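Student: Give the three-dimensional model of this entry:
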Amino acid sequence: MSVSSQERPLAPVLPKAHKLGGSRQGVQRAETERNLQNTKADTLARLLSSGFGQAQKASQEAGRLSGGIGQAFGTLAGTTSDIGRLQQALGQADVSQLSQLGAMRQAQQQAGLDATRQNAMQTAQEPYTRLQIGQNLLQGMPSSSIPSTFTQSTTPSANPFLQGIGAYTTLSQIAPFSGGATGK
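Tutor: Model prediction:
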């Protein structure tokens, strides 16, 4: 039977075994072994509990971080959809503005063509008008009774400044030019 290093100092101090079979040294050794096993079990339980607590905290932190990443992706998706809606609205505004500009250009060109036609008609009718006036003078009729082939109508020309203000107002109602984020 071997004696451990912890129990060696006890061996010379303790008396030898009694005749009845028990010795203080054996009892002391058993008590020391039991205390050592209890200490080992307590230490092991504390270490396992501490490791479990740390693992649980790490798991909760990972869950929190994953939730934060998910929230960031959700915000990014919302921002991307806002940009898409803005781009669509700006595209529609461009089409609308180009349509209005095309209509204004067509109206301007038509007004020019109408004026050119009216001038050509006056030039073509001018010799006949002179003949009519001369004939009426020879007949002694006043010239006020000459039926005139000219009609006068006044069409106000478009004011480019007011057209620009109208275009700006239309665009600012469709997509504000604030340069910042839209009302969010």
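Student: Which residue is the nearest non-sequential neighbour of Gln92?
Tutor: Ile174 (7.3 Å; Cβ to Cβ, 6 or more residues apart in numbering). Where C-beta positions appear, they are placed from N, C-alpha and C, glycine not excepted.
Student: wait, what's in contact with that neighbour?
Tutor: Ile174 is in contact with Ala89, Leu90, Gln92, Ala93, Ser96, counting by Cβ atoms under 8 Å, 6 or more residues apart in numbering.
Student: so which of the residues you listed is the most crowded?
Tutor: Neighbour count (other Cβ atoms under 10 Å) singles out Ala93 as the most crowded of the contacts of Ile174, with 16 neighbours.
Student: Low-confidence stretches in this protein?
Tutor: Residues of the chain meeting the criterion pLDDT under 70: 1-22, 141-154, 175-184.
Student: longest helix anywhere in it?
Tutor: With residue count as the measure and DSSP state H as the assignment, the chain has helix 24-139 as its longest helix.
Student: which secondary structure elements does that one contact?
Tutor: helix 10-13, helix 160-174 (3 or more Cβ pairs under 8 Å, 6 or more residues apart in numbering; DSSP states H and E).
Student: And the longest one, what's buried?
Tutor: Read it as helix 160-174. By 16 or more other Cβ atoms under 10 Å, the buried positions in helix 160-174 come out as Leu171.
Student: Off-centre distance for it?
Tutor: Computed by Cα atoms, centre = their mean, to the nearest Å, the chain-centroid distance of helix 160-174 equals 27 Å.
Student: tell me, what residue is most central in the chain?
Tutor: The centroid of the chain falls nearest to Thr79 when counting by Cα atoms, centre = their mean (2.0 Å).
Student: OK, contacts around that one?
Tutor: Thr79 makes no contacts at all, as judged by Cβ under 8 Å, 6+ apart.
Student: Nothing else from me, thank you.
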